[in-house]
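Q: kindly return the folded structure for what I paste below:
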Amino acid sequence: MKVARFYAPGDLRLEDAEEPRPAPDEVKLRVRQCSTCGTDVKIFNHGHHHLVPPRVIGHEIAGEVVETGRDVDGWSVGDRVQVIAAVPCGMCQDCRRGRPTVCPNQTSVGYHYDGGFAEFLIVPRQVLAVAGLNRIPDGVSYAEASVAEPLACVYNGQELAGVGEGDDVVVVGAGPIGCLHVRLARARGARRVLLVELNRDRLDMSAAVVEPDAAICGSEVDAVDQVLKITDGRGADVVITAAASGDAQQDALRMAARSGRISFFGGLPKDRPTITLDSNLVHYRELSVVGANGSSPAHNKRALELIATGQVPVDDLITHRLRLADLPEAIRLVASGQAIKVTVEP
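A: Just a heads-up that it's a prediction; the model follows:
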């Protein structure tokens, strides 16, 4: 079979490999679609401290069951499934308290286990043990199902930030995650959703698809001023920074209304992880600042339901559909910002 294996930053090889066989407590999939994301770009350029090469990468996975281990129950050949990326241990104190996204023992598909940029994939027992293999609902394509993983992360972030009925929501960053945030905020009943982006071309491309109530180009106008004008000086109920930008995080506090919630959804570069936070804004305006780290198996299941019911459409966010041999081009497209979502069919 063909696999895309990461060896070192800049060294991603399309190789022939032996077709894997599942252990008694594992499931084997034929990968039908594996979407790419900014994390794949980071791995390609810099590696990752959890990833010991060589490793098959790719973690936004949808496929078809082709074999099950003899001890596996509930799954059959031909089942259409989506695989979680972040794998909680299910046993630690955080998992037992219902917070698997902050599990200190978390492992990841495409990091600790071989991922989805391959013709076949073994779903490890750790994934099955936490109900991390989800059935794809009827009417949902493999490509759409592969987008359930990033949507699950977005769902987690909006749950933590309490996005709800009547909210004015600002999403900073018009990449695929920002687009999903716009769509999910609408599905959760937001009154208005404003999209902020520095890159004019990227803003125009994404806004044409997700149609925010306002599209604000931060390189052309003062985004904070624009948000305040649109909200009659009040600010937004929720500000989500779907960009790896310290400036965006600092501006988010100035965009927020009194009692507003700010989600630091996008992490910052490892060499620049700090910002200057105006503590008095948090104090006197009673602001809440929350983080968001990945998703749980339940979030993935919910994401598939949102796609299946049409509450969060994702098919039109997939701007490029490539084959495994074109993975370097897929990564280039993601890095360039010329695409919204790029899927790969092994």
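Q: so which residues of the stretch 51-200 of the chain form strands?
A: In the stretch 51-200 of the chain, strands defined by DSSP state E, counting those that start in this stretch lie at 55-56, 60-68, 80-83, 86-87, 107-108, 120-123, 133-135, 168-172, 192-197, listed in chain order.
Q: who touches the fifth one?
A: Taking contacts as CB atoms under 8 Å, 6 or more residues apart in numbering, the residues outside strand 107-108 that touch it are 50, 59, 85, 86, 87, 89, 113, 126. Bear in mind the C-beta positions are built from the backbone N, C-alpha and C, glycine included.
Q: which helix in the protein has the most residues?
A: In the chain, assigned by DSSP state H, the helix with the most residues is helix 148-161.
Q: picking that back up, give me the subset of the contacts of strand 107-108 lying in helices.
A: Residues of the contacts of strand 107-108 located in helices (DSSP H): residue 126.
Q: return the closest of the contacts of strand 107-108 with respect to residue 148.
A: When those are compared for distance to residue 148 (CB to CB), residue 85 wins out at 10.1 Å.
Q: identify the residue nearest the closest one in space, chain neighbours excluded?
A: residue 59 (3.9 Å; CB to CB, 6 or more residues apart in numbering).
Q: quick one, what contacts the one you found?
A: For residue 59, the contacting residues are 34, 39, 85, 108, 109, 110, 111, 115, 116, 149, by CB under 8 Å, 6+ apart.
Q: now the buried members of those residues.
A: Those of the contacts of residue 59 that meet the buried threshold are 34, 39, 85, 108, 109, 110, 111, 115, 116, 149, by 16 or more other CB atoms under 10 Å.
Q: what strand or helix carries the first one?
A: Read that as residue 34. strand 27-35 (DSSP states H and E).
Q: list the buried residues for that strand?
A: For strand 27-35, burial by neighbour count (16+ other CB under 10 Å) applies to 27, 28, 29, 31, 32, 33, 34, 35.
Q: phi first, then psi, for the residue nearest to residue 85.
A: For residue 59, the backbone dihedrals (degrees, to the nearest 10) come out as phi -130, psi 10.
Q: please save the CA atoms from the helix or strand hosting residue 305 in PDB.
A: Per DSSP H and E: residue 305 is located in helix 297-308. Output of helix 297-308 as PDB, limited to C-alpha atoms (Å, rounded to 0.1, in the frame of the first residue of the first chain):
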ATOM      1  CA  PRO A 297     -15.000  11.500  21.400                       C
ATOM      2  CA  ALA A 298     -18.400  12.900  22.200                       C
ATOM      3  CA  HIS A 299     -17.600  16.200  20.400                       C
ATOM      4  CA  ASN A 300     -16.800  14.200  17.300                       C
ATOM      5  CA  LYS A 301     -20.100  12.400  17.500                       C
ATOM      6  CA  ARG A 302     -21.900  15.600  17.900                       C
ATOM      7  CA  ALA A 303     -20.000  17.200  15.000                       C
ATOM      8  CA  LEU A 304     -21.200  14.400  12.700                       C
ATOM      9  CA  GLU A 305     -24.800  15.000  13.800                       C
ATOM     10  CA  LEU A 306     -24.400  18.700  13.000                       C
ATOM     11  CA  ILE A 307     -23.100  17.900   9.500                       C
ATOM     12  CA  ALA A 308     -25.800  15.200   8.900                       C
END
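Q: for this protein, what helix or strand is lowest in average pLDDT?
A: helix 38-46 (a mean of 93; mean pLDDT, DSSP states H and E).
Q: that one: how far from the chain's middle?
A: Centroid separation for helix 38-46 versus its chain: 14 Å, with CA atoms, centre = their mean, to the nearest Å.
Q: could you check the angle helix 148-161 makes with that helix?
A: Angle of helix 38-46 versus helix 148-161, following axes from the mean of the first three to the mean of the last three CA atoms, to 10 degrees, is 110 degrees.
Q: using PDB, list the CA coordinates for helix 38-46.
A: Provided in PDB are the C-alpha atoms of helix 38-46 (Å, rounded to 0.1, in the frame of the first residue of the first chain):
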ATOM      1  CA  GLY A  38      -2.600  23.800   9.700                       C
ATOM      2  CA  THR A  39      -1.200  21.200  12.100                       C
ATOM      3  CA  ASP A  40       0.000  19.100   9.200                       C
ATOM      4  CA  VAL A  41       1.800  22.200   7.900                       C
ATOM      5  CA  LYS A  42       3.500  22.700  11.300                       C
ATOM      6  CA  ILE A  43       4.600  19.100  11.400                       C
ATOM      7  CA  PHE A  44       5.900  19.300   7.900                       C
ATOM      8  CA  ASN A  45       7.900  22.400   8.600                       C
ATOM      9  CA  HIS A  46       9.000  21.800  12.200                       C
END
